[in-house]
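**Student:** Let me see the structure of the following:
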Amino acid sequence: MYGGASMKSNKKPPTGQFLYWGIIKWLKEKKFNIYDLGGTPGKVPKNKHPNYWVWRFKKGFNGNYVESLPYYTYVFNKNLYLIYKISIPIYRKFRKNFLRV
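**Tutor:** You can find the predicted model right below:
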């Protein structure tokens, strides 16, 4: 209701925040410096952005925004990659039929 399980009052934290806070505490104990929640649309996105509520949820933990390099796909075999690129949309279209038992 409040986007990404964000709180609007000082009541108990929603399950999403509680789970992530536990993960963050565990990572701090293990001396990790970075935890990438992923999916943030920018440092301060516009209210209308589809991932605005994702950003707001993450901002609630008071972490710093860090922009990382984009990822790239390295193709080892062009023919296999072509088959993969063609088959994934087909699978997604018909996956309900593939998963019936």
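**Student:** the helices in this structure, which residues?
**Tutor:** If DSSP state H is used as the criterion, the helices of the chain fall at 15-29, 52-59, 78-98.
**Student:** which of the residues in the first one are buried?
**Tutor:** Within helix 15-29, the residues scored as buried using 16 or more other C-beta atoms under 10 Å are 17, 20. For glycine as for every other residue, the C-beta is placed from the backbone atoms N, C-alpha and C.
**Student:** tell me the angle it makes with helix 52-59.
**Tutor:** Helix 15-29 and helix 52-59 are oriented at 40 degrees to each other (axes from the mean of the first three to the mean of the last three C-alpha atoms, to 10 degrees).
**Student:** low-scoring stretches of this protein, by residue?
**Tutor:** 1-14, 97-101 (pLDDT under 70).
**Student:** same thing but 90
**Tutor:** Low-confidence segments of the chain (pLDDT under 90): 1-24, 33-73, 89-101.
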